[in-house]
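# My questions are about this predicted structure, shown below with the sequence.
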Amino acid sequence: MATILIVDDEPDILKVLEKDVLEGGYEVVTAKTAKESIDKAKEVAPDLILMDVLLPDMGGADAIKVLRNYPEFKTTPVLFITAMVKPEEERHGSLKINIDEDWYETIAKPFERDELLGKIKELLKK
């Protein structure tokens with residue numbers, strides 16, 4: 001069973017994400033800040049990271065940059081979540097975030113459970 005690290009500073013969203021991912025058949029570890037996500041990732045070595053873009057201590061992209069410095073996280077799949085775009089904008093094409101010339105899949109809040117689980121499944125197959 002794959003382990004997903006979910007990172008979001010909004011308790012309600014974190015709870016929904018956790019519920020959806022658990023129901024999708026994955027193990028879940030959560031974090032509310034970028035710093036906590038780095039510590040938890042080192043502790044559990046997740047199979048995928050579900051990362052909010054905006055966090056109170058540093059951006060989600062910055063946390064991923066830190067994790068990419070560790071060999072064990074060089075290829076860990078990342079799915080970003082953001083409220084900075086509307087779902088209808090997302091439907092006009094795949095949203096991606098560029099971090100140091102690497103492009104990462106992104107979904108908009110609010111998200112559909114099936115869309116979230118579909119993206120997770122897709123990324124875990126790569």
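Okay, I see it.
# Pick out the residue closest to the middle of this structure.
Nearest residue to the geometric centre of the chain (Cα atoms, centre = their mean): Leu50, 1.5 Å.
# Just checking: what are the partner strands of the one helix or strand it maps to?
Using DSSP states H and E, Leu50 maps to strand 48-52. Strand 48-52 has the following sheet partners, assigned by DSSP bridges: strand 3-7 (parallel), strand 78-82 (parallel).
# is the residue nearest to the residue nearest to the centre of the chain when sequence neighbours are not counted in a bridge, and if so with what?
Using Cβ to Cβ, 6 or more residues apart in numbering and skipping residues adjacent in sequence, the residue nearest Leu50 is Ile6, 4.6 Å away. From N, CA and C alone the C-beta is placed, and that goes for glycine too. Taking DSSP bridges as the rule, Ile6 bridges to Thr30, Leu50.
# Count the neighbours of Ile6 for me.
Burial of Ile6 is recorded as 29 neighbouring residues (other Cβ atoms under 10 Å).
# and it, how far is that from Leu48?
Look at Ile6 and Leu48: by Cβ to Cβ, to the nearest Å, they are 10 Å apart.
# same deal with Pro110?
Distance, Pro110 to Leu48, by Cβ to Cβ: 20 Å.
# Phi, psi for the nearest residue to Asp52 once chain neighbours are set aside please.
The shortest distance from Asp52 to any non-neighbouring residue, by Cβ to Cβ, 6+ apart, is to Asp8 (4.3 Å). With angles defined as degrees, to the nearest 10, Asp8 sits at phi -160, psi 140.
# Now do Val28: how many residues are near it, please.
When counting by other Cβ under 10 Å, one arrives at 18 neighbours for Val28.
# what kind of secondary structure is it in?
Using DSSP: H, G, I helix; E, B strand; the rest coil, the structure places Val28 in strand.
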